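Participant: from the sequence below, what's the structure:
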Amino acid sequence: MSDATYTAPPPAPFRVRWWQPLLFWVIVNAWGFVERGGQPFPGHQPSPLQPPGWAFPVMWFTLNVFQIWGDIRLLDPARRIRSRGLLIGLQAVTWAIYATFSLVYFTLGSSILAAAWTVSFFIITSLCIALVARDDRRIALIWTPLILWTGFASVVGIHNALINPDPLFGTPALWG
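Facilitator: Here you go, the predicted structure:
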């Protein structure tokens, strides 16, 4: 018998393989690949504030890269981040919102739900940035483009919901 004290080996370094973020990106975009994002319903009038259609895939691909990059840093256990569990949960909600946006807007044709999804994404991401900035300013900076875009998109989404009827809820246009 030995008097040696057992010490646990050091934890393995946090590693992310290239295919893991790519697979995650494909999964959250699965419905968007199927639903090509045409006109949400016949007679839909896009908001004049809305950017041209080609801007959305470019912006969202870029924003997905930033969000995944920040999320990988958030998941790294070597980083001391208070509220890590809460932040991971909030990020999961934003990914669920993102993954279902095409469904609520283009498939269901609801400008009200699309506006609610966009505003919710903006609010949750703003909260995430405020929480993580206390411990890791780099993650906060990485996520900043998300609130810039979704803040603008929230204005556009609300305007869009006001100037269009909502076939899902059966409501008329409220403005214009």
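Participant: who's in contact with the worst-scoring helix or strand of the chain on mean pLDDT?
Facilitator: Lowest on mean pLDDT, DSSP states H and E among the helices and strands of the chain sits helix 30-34, with a mean of 89. Identification of contacts with helix 30-34 by CB atoms under 8 Å, 6 or more residues apart in numbering yields A99, T100, F101, S102, L103, T107. All C-beta spots, glycine's among them, are computed from the backbone N, C-alpha and C.
Participant: could I get the residues you listed as TSV with secondary structure and pLDDT?
Facilitator: Formatted as TSV, the contacts of helix 30-34 follow (DSSP: H, G, I helix; E, B strand; the rest coil; pLDDT from 0 to 100):
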residue	secondary structure	pLDDT
A99	helix	97
T100	helix	97
F101	helix	96
S102	helix	94
L103	helix	94
T107	helix	93
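Participant: filter the residues you listed down to the buried ones and hand me the PyMOL line.
Facilitator: Burial among the contacts of helix 30-34 is assessed by 16 or more other CB atoms under 10 Å; the matching PyMOL selection reads:
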select buried, resi 100+101+102+103
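Participant: and the two most separated of the contacts of helix 30-34?
Facilitator: Spanning the widest gap among the contacts of helix 30-34 are A99 and T107, at 12.7 Å by CB to CB.
Participant: what about S120, neighbour count?
Facilitator: S120: 15 surrounding residues under other CB atoms under 10 Å.
Participant: ok, it to L141 distance?
Facilitator: Taking CB to CB, to the nearest Å as the measure, S120 and L141 are separated by 22 Å.
Participant: what of A92?
Facilitator: As defined by CB to CB, A92 lies at a distance of 21 Å from L141.
Participant: just S126 next, same as before
Facilitator: From S126 to L141 the distance is 14 Å (CB to CB).
Participant: which helix of the chain spans the most residues?
Facilitator: helix 137-163 (DSSP state H).
Participant: and it, what does it pack onto?
Facilitator: For helix 137-163, the packing partners by 3 or more CB pairs under 8 Å, 6 or more residues apart in numbering; DSSP states H and E come out as helix 55-75, helix 111-132.
Participant: average model confidence for the shortest one?
Facilitator: If I follow you right, that is helix 55-75. For helix 55-75, the mean pLDDT works out to 97.
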